[in-house]
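Enquirer: When you get a sec, could you give me coordinates for this:
(chains A, B, C and D)
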Protein chains: 2
Amino acid sequence: MKTPKAVNKRVRILEAAAKVIAEKGYAAATMAEIGEAAGTFAGSLYYYFPSKDALVEALLNIGTTTVSEPVIASVAALPSQTGAYQKIKTALDKHVARMLEEDAFILAYWRLIDQVPSDMRERHRKHPRAYGDFWRGLMREGQAEGVLRSELDPNLAQLFLLGTTIYALDWYSPGGKLNPQAISDSLADMFFGGIASRDIELNRLAPQAKVNHRRKSGRPASDAMR
Amino acid sequence: MKTPKAVNKRVRILEAAAKVIAEKGYAAATMAEIGEAAGTFAGSLYYYFPSKDALVEALLNIGTTTVSEPVIASVAALPSQTGAYQKIKTALDKHVARMLEEDAFILAYWRLIDQVPSDMRERHRKHPRAYGDFWRGLMREGQAEGVLRSELDPNLAQLFLLGTTIYALDWYSPGGKLNPQAISDSLADMFFGGIASRDIELNRLAPQAKVNHRRKSGRPASDAMR
DNA sequence: GTCTATACTTTGATAGAC
DNA sequence: GTCTATCAAAGTATAGAC
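Expert: This next block holds a predicted model:
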């Protein structure tokens, strides 16, 4: 039970921590520096969080939901008869927009997730898994409607797309020539249509490379992999 | 000038450090633990490396070259008349194989690169940039030969592909149903051919989404972005 | 609720014996 | 070249005044 003021202060501390971690990484972010960024002192942080680890774990949960929630909401807001292609494009636009928005929570998340103690990472795993489920569902919808190739593994397709947007955090620079919408459009273009010339028959180019070899096997691969 | 034995020991320390960092992350990897993994003690490490930062910087450089060198070599070993498609597929196979080989240097690299002091990251930047140049060159070759869509940004195409393989480090599990070669084949399949059904005309599905809107603008976008 | 002071611990790094 | 002992710094966390 916290007073409203205390809740606000808690949020300010989380924002400050995200900012410091986004800039310097996990190891270099000290409680003293986080306190300073929040306009207070290291000792005072312990009134709101029992430990640095607890603060970090709260950051992890914010980091995932701050992307997944608006993305899922954007799709839910579409008219009920909307086709899978439009849903996927809508989700991708929102996803890329959020990822490249320079939100400190998102940057902090990807600097933390591979550095935190393994038990914390384990506890957190349900969040990205649920988001992956959402994307796998979209891919399956597309396959059911016939707009996506039915022989593809929906899980791999989803990993393929999201992997690129995560890496984009590393190379995207806000001042550059490409804005998030242009990046989202280009990625969707390549993702749906491929990078090969449309009039080229790939397996005639290099039959020994076994391109499309999976197209022959009737059933799509399982999605047990995470 | 080091004796052969000293060189070997240096390598053993680097391997031990990579292993510990790959498992626990940057912050949790102490000199004592690295020393123990190398069969020696924290103090002894300073005979080979002047500081922990120096050790880490050496790891970064190994991390990139351990992927880029075999990939570039695999393409260089192809017959001179080999087409761009075959070159790209060869490079991708080797790249994915190396990335998913569970090499501690590679895992350690991706756990370090966003955590090290910014001046070290800046010094290191030339390595991934050179590797990116290699891939951009392959994309341009493909466009020149007409196998890749000429209106695509070669830089974005390369980031698209490599981003996915980096993320794969997070989700790939060695015991699973997909081995690196199967993953490489599937990624190449999606990357070249796209995930959309071949017989679907995308811009008729959702014209308002402006899919392929970049195809109309004659010139490919610049690749100034890194 | 917040601050100051400080206890306790860990860790990077050095000194010097061998 | 390697080990032991140890220093000095930094950082998490707590105690207690206000």
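Enquirer: And the residue nearest to A:Met31 when sequence neighbours are not counted, how far from A:Leu156?
Expert: Closest residue to A:Met31 apart from its sequence neighbours, by C-beta to C-beta, 6 or more residues apart in numbering or on different chains: A:Ala42 at 4.2 Å. For every residue, glycine as well, the C-beta is placed using N, CA and C. Counting by C-beta to C-beta, to the nearest Å, the gap from A:Ala42 to A:Leu156 is 45 Å.
Enquirer: higher neighbour count, those two?
Expert: A:Leu156 (26 against 14; other C-beta atoms under 10 Å in any protein chain shown).
Enquirer: and the more buried one, that one's in a helix?
Expert: Yes: assessed by DSSP: H, G, I helix; E, B strand; the rest coil, A:Leu156 belongs to a helix.
Enquirer: Please read off the pLDDT at the nearest residue to it once chain neighbours are set aside from the model.
Expert: Spatially, and ignoring its direct neighbours in sequence, A:Leu156 is nearest to B:Ser186 (5.4 Å; C-beta to C-beta, 6+ apart). With respect to pLDDT, B:Ser186 scores 96.
Enquirer: quick revisit: you'd agree the residue nearest to A:Met31 is up against A:Phe49?
Expert: No: here A:Ala42 does not reach A:Phe49: they are 11.4 Å apart, not a contact under C-beta atoms under 8 Å.
Enquirer: Got the domain ranges for chain A?
Expert: A:1-49, A:53-216 (automatic domain parsing).
Enquirer: nearest to DNA strand C, of those domains?
Expert: Closest of those to DNA strand C is domain A:1-49, at 2.5 Å (criterion: C-beta to the nearest atom of the strand).
Enquirer: From the chain's centroid, how far away is that closest one?
Expert: Offset of domain A:1-49 from its chain centre (C-alpha atoms, centre = their mean, to the nearest Å): 24 Å.
Enquirer: Say whether DNA strand D is contacted by it.
Expert: Yes: with C-beta under 7 Å from any atom of the strand as the measure, domain A:1-49 is seen reaching DNA strand D through A:28-32, A:42-43, A:46.
Enquirer: what's the burial count for the residue nearest to A:Leu156?
Expert: For B:Ser186, which is what you asked about, the neighbour count (other C-beta under 10 Å) is 20.
Enquirer: Check which helix or strand it maps to.
Expert: B:Ser186 is part of helix B:180-193 when elements are defined by DSSP states H and E.
Enquirer: one step back: which of the residues of domain A:1-49 next to DNA strand D are buried?
Expert: Neighbour-count burial (16 or more other C-beta atoms under 10 Å in any protein chain shown) is assigned, among the residues of domain A:1-49 next to DNA strand D, to A:28-29, A:31.
Enquirer: Contact partners for the residue lying closest to A:Leu60 once chain neighbours are set aside?
Expert: Once flanking residues are discounted, A:Leu60 sits nearest to A:His124: 4.9 Å by C-beta to C-beta, 6+ apart. With contacts defined as C-beta atoms under 8 Å, 6 or more residues apart in numbering or on different chains, A:His124 is in contact with A:57, A:60-61, A:64, A:113, A:116.
Enquirer: can we see that at 10 Å?
Expert: Under the criterion of C-beta atoms under 10 Å, 6 or more residues apart in numbering or on different chains, the contact list for A:His124 reads A:57, A:60-61, A:63-64, A:109, A:112-113, A:116.
Enquirer: and the gap between it and A:Ile72?
Expert: 18 Å.
Enquirer: Where does the prediction get shaky in chain A?
Expert: Low-confidence segments of chain A (pLDDT under 70): A:1-6, A:201-226.
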